[in-house]
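**Q** Sequence and predicted structure, then a few things I'm wondering about:
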Amino acid sequence: MPYTAHTAGVPAKERQDFWQDVVSTAFVPLEAVFPDKRFEGKLRATTLGALDVIDVDTTAHAARRTPKLVSSAPSDSLKLGLFVKGRARLEQSGRQVMIGAGEMAIYDTDRPYSLDFDQPTRLVVLMFPRTMLGLSQDRVDLLSCTSIPSDTGIGALVAPFLLRLAAQLDEVEVRGGARLAANVVDLIATMLAARLDATPADPDAARRAMLLRITTYIEGHLGDPGLDPAQVAAAHHISTRYLHKLFNAEGTTVAAWIRERRLERCVRDLRDPHQPGRPVSAIGAQWGFPDASHFSRLFKAAYGLSPRDYRNASAEH
């Protein structure tokens, strides 16, 4: 069930502590600062797999993720905020930008940041593990603390979807939440890939945009057992040599990236309490491992347990 918190009924002198506890529980530990005691706020949140969806409606205040809080409570998560009304000044990594209604911004919870709301504001925030997006830190840095419009390009598809998701928090079923979360983050990754492609200020932007398009393509084709470097290179009109160069610069290989992402999808499904009776071999086949014995060997090499034993151990916890 969604979590809901409201300052209504909370004495004015207690609202700052109350709200700070609310946002620290829903997001990551934060400091809340209010211009006066008349502050009002409402928060609704739900969790879909590894994705947190939070709808926040507040009056003027500031939220700070300080270096001390980052150090004491790291989360390895990213946030994407869609501003529905109002505005806020976002600061992170020496960069600042004013985000207004109809705009989005992405920011990193493991780097200090601040959001200053100078008027009543509503925003929908998605928080998810960095690994779901498939972005290295330098690419996150390129995108963080910038304004992303929601009225053009893929942003025009993402924003209405997020608004509908927020409006239906009470109706979204937890069953299938992990799959829905993966689809939502895949959509965000596609939007960010397009955003990188339109950001030429960084001399490496073209290379990074290409790599993000490639990893997004891989995510969409993990179930294809024939997915290999040649197919990926052909789909992006580049040579396999250049493709390998892109991944070598990230400290990995194309094959290793594909294998790891497939195994992560298998882990997600093996841990899904709504799929207890689904054959392990079917899960492997869905994510590009049609040979059950080969899948079991790869899985055990990566996680120390066979897929079946991993599922049983997860169920016990």
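**A** Thanks, I have it. Just so you know, these numbers come straight off a predicted model, no measurement behind them. Numbering: from 1, shown residues only.
**Q** Show me the longest helix that occurs in this structure.
**A** Among the elements of the chain assigned as helix by DSSP state H, the one spanning the most residues is helix 177-197.
**Q** What segments of the stretch 101-250 of the chain are strands?
**A** Remark: strands assigned in the stretch 101-250 of the chain by DSSP state E, counting those that start in this stretch are 103-108, 113-117, 121-129, 148-149.
**Q** ok, of the ones you listed, where does mean pLDDT dip lowest?
**A** For the strands of the stretch 101-250 of the chain, mean pLDDT drops lowest on strand 148-149, to a mean of 88.
**Q** can you tell me how far the residue sitting nearest the centre point of the chain sits from residue 212?
**A** The residue lying closest to the centre of the chain (CA atoms, centre = their mean) is residue 128, at 3.4 Å. Going from residue 128 to residue 212 by CB to CB, to the nearest Å gives 16 Å. Bear in mind the C-beta positions are built from the backbone N, C-alpha and C, glycine included.
**Q** And for residue 231?
**A** Counting by CB to CB - residue 231 and residue 212 are separated by 18 Å.
**Q** before we move on, what about residue 262?
**A** To residue 212, residue 262 is 19 Å away according to CB to CB.
**Q** what do you get for residue 6?
**A** On the measure of CB to CB, residue 6 and residue 212 end up 39 Å apart.
**Q** sorry, back to before: now do the buried residues in the longest helix of the chain.
**A** Applying a neighbour-count criterion of 16 or more other CB atoms under 10 Å, the buried positions in helix 177-197 are 177-182, 184-197.
**Q** same deal with stretch 275-292?
**A** For stretch 275-292, the neighbour count (16+ other CB under 10 Å) marks 275, 280, 281, 283, 284, 285, 286, 287, 288, 289 as buried.
**Q** For residue 89, grab the count of nearby residues.
**A** 14 (other CB atoms under 10 Å).
**Q** pretty sure it is touching residue 98, no?
**A** Yes. Counting by CB atoms under 8 Å, residue 98 is a contact partner of residue 89 at 5.3 Å.
**Q** Can you pull the residues that touch both of the two?
**A** When contacts are counted by CB atoms under 8 Å, 6 or more residues apart in numbering, residue 89 and residue 98 have no shared neighbour.
**Q** What does the closest residue in space to residue 194 that isn't next to it in sequence show for phi and psi?
**A** Of all residues not flanking residue 194 in the chain, residue 154 sits nearest, at 5.3 Å (CB to CB, 6 or more residues apart in numbering). Torsion angles at residue 154 (phi, psi; degrees, to the nearest 10) stand at phi -70, psi -20.
**Q** In the stretch 101-250 of the chain, where is pLDDT below threshold?
**A** In the predicted model, the stretch 101-250 of the chain carries pLDDT under 70 at residues 135-136, 170-178, 197-206, 208-209.
**Q** that older thread, please name the residues that touch the residue nearest to the centre of the chain.
**A** Contacts of residue 128 by CB under 8 Å, 6+ apart are 50, 51, 52, 77, 78, 181, 185.
**Q** wait, residue 84 sits on residue 101?
**A** Yes. Taking contacts as CB under 8 Å, residue 84 lies within contact range of residue 101: 6.4 Å.
**Q** Compare neighbour counts for the two and give me the winner.
**A** Neighbours per residue (other CB under 10 Å) separate residue 84 from residue 101, with residue 84 holding more: 19 against 14.
**Q** and the angle from the helix or strand containing the more buried one to strand 113-117?
**A** Using DSSP states H and E, residue 84 falls within strand 77-85. With axes from the mean of the first three to the mean of the last three CA atoms, to 10 degrees defining the directions, strand 77-85 sits at 10 degrees from strand 113-117.
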